[in-house]
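Enquirer: Below are the sequence and a predicted model; questions follow.
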Amino acid sequence: MGAYCMAHYIFLLIKEKKMTRITTLDFPTFHRSTIGFDKMFNELNRSFANSQSNGYPPYNIVQHNDNEFTISLAVAGFDMDDLSITKDKNTLSIEGKSPKADDAEEEVNFLHKGVAARSFKREFTLADYVEVKSAELKLGMLHLQLQRQVPEELQPKKIVIQQA
C-alpha cells in the first residue's frame, strides 16, 4: 500500500467516523505488511504523540499560499532569552524555559492565576524544503515565518513541443 493510499484510507476512516480516535488505528498491522515505510510510521507516531500534548502554549498555523506559512504561539510572560527555536532535519522545536521569579520579590497572593508561565516544548514536523525565514516576538506572540523552497531541478518543467 503506497503512502498516499494509506494516508487517504486513514482520512476516509476518520471522515466516515468509523474511528473515534486516530490512535485506535492498528499501526503494527500496517507496519508488518509494508516495506520501506519505517520513516513514515515513525513520523506518524511522533505526530500523534505531540498532538495529545497538554495544548500549552496555544498556537495557530496560517497558510498564506502553497509555499508560505506562519506559526504563531502565545508565549505571554516569556522574554526572548527564555525562548529557543531549533530545526533538526524536518523537525522544528520551540522551547520555552520558565522565567525565574526574583528572590527579592515579595510573595504575591493571587486571587486568580490564569496566565501560565511554565516551561514547554512544542514540535512541528515540516515538509521537505520548508525553512524558517524569520522569528519575531511581539506583544506576547512568537511569530515564525516559514517558506518552502523546492530546488529548481525538482520543480515541474514545461516541455516545449516542436513542430516537425
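Expert: Structure received.
Enquirer: quick one: low-confidence ranges for this structure?
Expert: 1-34, 45-54, 100-106 (pLDDT under 70).
Enquirer: Break it into its domains for me.
Expert: The chain resolves into domains spanning 1-52, 56-103+112-155 when parsed by automatic domain parsing.
Enquirer: What is the neighbour count of residue 128?
Expert: Using other Cβ atoms under 10 Å, residue 128 has 9 neighbouring residues. For every residue, glycine as well, the C-beta is placed using N, CA and C.
Enquirer: Skip the chain neighbours and tell me the closest residue to it.
Expert: residue 90 (6.9 Å; Cβ to Cβ, 6 or more residues apart in numbering).
Enquirer: List the contacts of that neighbour.
Expert: 125, 126, 127, 128, 130 (Cβ atoms under 8 Å, 6 or more residues apart in numbering).
Enquirer: Correct me if wrong: the last one contacts residue 69.
Expert: Yes - Residue 130 lies in contact with residue 69 (Cβ atoms under 8 Å); the separation is 7.5 Å.
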